[in-house]
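> sequence first, then the predicted structure, then my questions.
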Amino acid sequence: MEKDEIHLRTLPAAAPWGPHAGSEFHGVDFVPEDLSEAPEEAGMRVNKKYSCLPAEEKGIHIINIRAIEDIGYDQHESTLLNSLSKNPDADCKYGLYFRDGKRKVDYILVYHYKKSSAGRTLTRRVHHNDSSARSTKQDQPLPGKGVQLEMGESEPHVDYHEDDKRFRREEYEGNLVEAGLELERDEDTKIHGIGFVKIHAPWNVLCREAEFLKLKMPTKKMYQINQTHGLLKKINSVIQKITEPIQPKVAEHKPQTVKRLSYPFSREKQHLFDLSDRDSFFDSKTRSTIVYEILKRTTCTKAKYSMGITSLLANGVYSAAYPLHDGDYEGENVEPNDRKLLCEEWASYGVFYKYQPIDLVRKYFGEKIGLYFAWLGVYTQMLIPASIVGIIVFLYGCATVDENIPSMEMCDQRNNITMCPLCDRTCSYWKMSSACATARASHLFDNPATVFFSVFMALWAATFMEHWKRKQMRLNYRWDLTGFEEEEDHPRAEYEAKVLEKSLRKEHKHKEKHRYFPEETANKWRKRTDKEKLTWKDRFPAYLTNFVGIIFMVGLTFAIVFGVIIYRISTAAALAISSTPSGRSSVRVTVTATAVIINLVVIIILDEVYGCIARWLTQIEVPKTDKNFEERLIFKAFLLKFVNAYTPIFYVAFFKGRFVGRPGDYVYIFHSFRMEECAPGGCLMELCIQLSIIMLGKQLIQNNLFEIGIPKMKKFIRYMKLKRRRSLDHEEHMKKKQRYEVDYNLEPFAGLTPEYMEMIIQFGFVTLFVASFPLAPLFALLNNIIEIRLDAKKFVTELRRPVAVRAKDIGIWYNILRGIGKLAVIINAFVISFTSDFIPRLVYLYMYSENGTMHGFVNHTLSSFNVSDFQAGTAPNDPMDLGYEVQICRYKDYREPPWSENKYDISKDFWAVLAARLAFVIVFQNLVMFMSDFVDWIIPDIPKDISQQIHKEKVLMVEVFMREEQGKLQMLETWKDKDKKKGENCNNHSPRLSRSHSGSLSSCHSYPLDV
């Protein structure tokens, strides 16, 4: 044997050696020293697939394994490999490029592999050369895997589950190579047991997929954007100068005067596009999108059934798949990149006062995430005028509280109004003046300005929706999405598995019936089962489970609210027994505050539970596509969380104090607990307390605990686990991590549904019950200013980079927002009419007031009760608690007095007030709905300048193609003229050349075709 030859023998195919059995090292099969069990006929074998290329061109030198073992080198192979070049990690920019430093990493696949404790592993990074990539077959493993070197084991342990996963990976990666992608494996990482497959899409693949996906790319043609003239131009320039300090310092955010004409990419029309810099023509977001489309489309068919990347991830064949971030965002000597720029100008609390660089967000994360942050920014901006008006309404209530006659009458101790007990036996009579503080606080939110604010907020919601539609159209124009239509997505892995299960079940039944069926007919049957799909009959059990589950969850929410009601009643009765006067006076405040805190804790816990249940209910439905899955999940989660968040508030607003009964004939729960009543000033103050605590508590706890604390805790736990796995080798520990290793430690992106859901619930708090809490927009504004930067920081620093998804709108969320806006009009009408005292005051002022003022209103709303009519065992135990004997006590209701013929019956005043309330609801609802629709109609959905620009683009594109066609015609005419001249020259040849006449003519005529 020659000196330069490598003396190696190979294992038989039937004897796998660990999870990497059969792996190849650029044409060399590695085996352990002890080859006693390997048959001699195997001999030395070199893989012919790579033998045509020198080892140096494949990116690594072939090393004599026997020599390595002789010198005792078995644990520090990376040192030897790294010594071959000065700093290979720096050449590839620490994982952003392949080892050659030229091909960019567009996507990463991550997998787990097991190493036997009895063996030694030689791991390394290997290039997949362009020429070798194209010649790879599906049944050949990707070069670069770690190879197990078993020592002294006669029968190595075989993990068939791991072998199956490896088999699927090899086939899938082979299919990816056949699709044109270039792969490179890396198992020599700081994260032991984790392997990475780096994917690069070459230029021809990018062009092909961009054409398939109809991606609009900028052409060479540039045109002038229409600019405003005259007064509008001056106003715009002044606004730009004023807002310059709050503009982000990014190139994408500067106002543009020219724009490149965009057109769907076509390989036949590459001359239209500016391809001077091919490396930057497709940005990292577009490259990762293209690779992800190939990953979804490529299947692994040699396994039991066809599997795409989603199925492989679900079955644990790969543990993760993600595109890389552009680089580091902090630290010394960090190269400038979009991620670092976003961190400085967007994901920092120090720039909270600045506009968001939405175009840069879209460039880095894609249109779907860009639209979310654009919507959140528009919503936050629109909260500014709502907050200002809410503050004015609140200040108006503060300024007029001393002039409010009803609250002054309640606080006047000279009136000496004795009220009936709030509970049986333990509670005694009390004076109305003791509720003075509640009455005064009630006026802050229950005043005539509240009605105006409700109308304003209804119109505000309509204006916000229209403003967002216009903003969305501007973004569609800027992001070249004007003609974009979403195509049907690939079926989900779970759907394919369910269809396969159904097909196999039918095939099994078919085989049982026709055991001796001809093979030809069996093939026809198999083709027919391939077109199988799930019907409503297949999904009926899931639909039934969904229906029962949602009803049960809604019932559970009602039961919890009912339990809190029991708590309030029983606690109020227990505190009333307190002998201290201060304890008795603060019963209502104590009970309300503690009950609201209980509600808040329950709401936050059930929010998480309902989110998981909604996802499980959606999964058992097995929707076909990701879009269907997302829409169904959103609907269920929103329904459950809406009921969970607003049921306690609905109870206080519309049910508390409505079904109490009257003294002597109260309504009891379980024959022992008396239904609770509203305070003398009405339930609006209590509704305000309930709404403010739930809204503020939910925002603070969810923001601080769930969005900051839990991700950091997960990151810390993951870091500790990885730290335990790490090698104790100091050199390995000090080595700088590759980009894909750093990104692997980040939290995976879980979608935008939680972010949208949080904001939609907040939008409900701002609009649905705004009549009772005018400061809700202000607190929402303060929360959103923090929320934008919090979400931005999370996306830039805490999460793996999500795959960019094209979208032209916010989807189903827009319909939910519109529905909440319409519902808000109805709810606010009922809150003003039935919860507040606005309508009773109007009725008294215009029907019963003797002098046209509100004097006597409190006395008008109170009915009288003779204490001798108490039911046995319900009268107060201490009737002399006030120091005098009470004959008549008062309670809030419209009923006949005890000296009337129909004592304690509902009086005519009640029906007059009820009619006025219903009339107000009808008038308010129709008037505000009409005004909202008028705002919707008067504001066009598409801004005029944008529609003009879109039309201009179409005209320019037609001109470009017309010029191209004219150029082609001119070239054809030129060629024809040349052809005729050549033919004439050929005809004028001498007779000597007549023999070659036909040949010369044909050659002349063939010239244009060659061109």
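Noted; the coordinates are in hand.

> next one: the residue nearest to residue 377 when sequence neighbours are not counted, what pLDDT does it get?
Once its chain neighbours are removed from consideration, residue 377 has its nearest residue in residue 356; the separation is 5.1 Å (Cβ to Cβ, 6 or more residues apart in numbering). No exception for glycine: its C-beta is placed from N, CA and C like everyone else's. Per-residue confidence for residue 356 comes out at a pLDDT of 90.

> now do residue 911
The predicted local confidence for residue 911 comes out at a pLDDT of 92.

> number of residues surrounding it?
11 (other Cβ atoms under 10 Å).

> tell me which residues in the strand or helix carrying it are buried?
For residue 911, the element it lies in under DSSP states H and E is helix 908-938. Neighbour-count burial for helix 908-938, with 16 or more other Cβ atoms under 10 Å as criterion, is recorded at 909, 912-914, 916-917, 920-921, 924-925, 928-929, 932, 935.

> again, but for stretch 764-777
When burial is assessed from 16+ other Cβ under 10 Å, stretch 764-777 yields the following buried residues: 764-777.

> what about the residue positioned nearest the centre of the chain, distance to residue 760?
For the chain, the residue lying nearest the average C-alpha position, counting by Cα atoms, centre = their mean, turns out to be residue 752 (0.5 Å). Note on residue 752: its distance to residue 760, by Cβ to Cβ, to the nearest Å, is 12 Å.

> ok, now residue 623?
Separation of residue 623 from residue 760 (Cβ to Cβ) stands at 21 Å.

> likewise for residue 345?
With Cβ to Cβ as the criterion, residue 345 and residue 760 are 28 Å apart.

> between those two, which is the more surrounded one?
Under the criterion of other Cβ under 10 Å, the comparison of residue 345 against residue 760 puts residue 345 first, with 20 against 17.

> touching, that one and residue 246? I think so.
No: using Cβ atoms under 8 Å, residue 345 and residue 246 do not qualify as a contacting pair, with a distance of 11.6 Å.

> common neighbours of the two, please.
In terms of Cβ atoms under 8 Å, 6 or more residues apart in numbering, residue 345 and residue 246 are both contacted by the residues residue 354.

> give the other helices and strands that the helix holding residue 911 contacts.
Judged by 3 or more Cβ pairs under 8 Å, 6 or more residues apart in numbering; DSSP states H and E, helix 908-938 is in contact with helix 448-478, helix 812-830, helix 838-843.

> send me the second one as PDB with only the CA atoms.
Meaning helix 812-830. Taking C-alpha atoms only, helix 812-830 is exported to PDB below (Å, rounded to 0.1, in the frame of the first residue of the first chain):
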ATOM      1  CA  ILE A 812     -59.800  38.600  12.100                       C
ATOM      2  CA  TRP A 813     -58.700  41.100  14.800                       C
ATOM      3  CA  TYR A 814     -60.200  43.900  12.700                       C
ATOM      4  CA  ASN A 815     -63.700  42.300  12.800                       C
ATOM      5  CA  ILE A 816     -63.400  41.700  16.500                       C
ATOM      6  CA  LEU A 817     -62.500  45.400  17.000                       C
ATOM      7  CA  ARG A 818     -65.500  46.500  15.000                       C
ATOM      8  CA  GLY A 819     -67.800  44.200  17.000                       C
ATOM      9  CA  ILE A 820     -66.500  45.600  20.300                       C
ATOM     10  CA  GLY A 821     -67.000  49.100  19.000                       C
ATOM     11  CA  LYS A 822     -70.700  48.400  18.100                       C
ATOM     12  CA  LEU A 823     -71.200  46.500  21.400                       C
ATOM     13  CA  ALA A 824     -69.700  49.500  23.300                       C
ATOM     14  CA  VAL A 825     -72.500  51.800  22.100                       C
ATOM     15  CA  ILE A 826     -75.200  49.400  23.400                       C
ATOM     16  CA  ILE A 827     -73.500  48.800  26.800                       C
ATOM     17  CA  ASN A 828     -72.800  52.500  27.400                       C
ATOM     18  CA  ALA A 829     -76.400  53.300  26.600                       C
ATOM     19  CA  PHE A 830     -77.500  50.800  29.300                       C
END
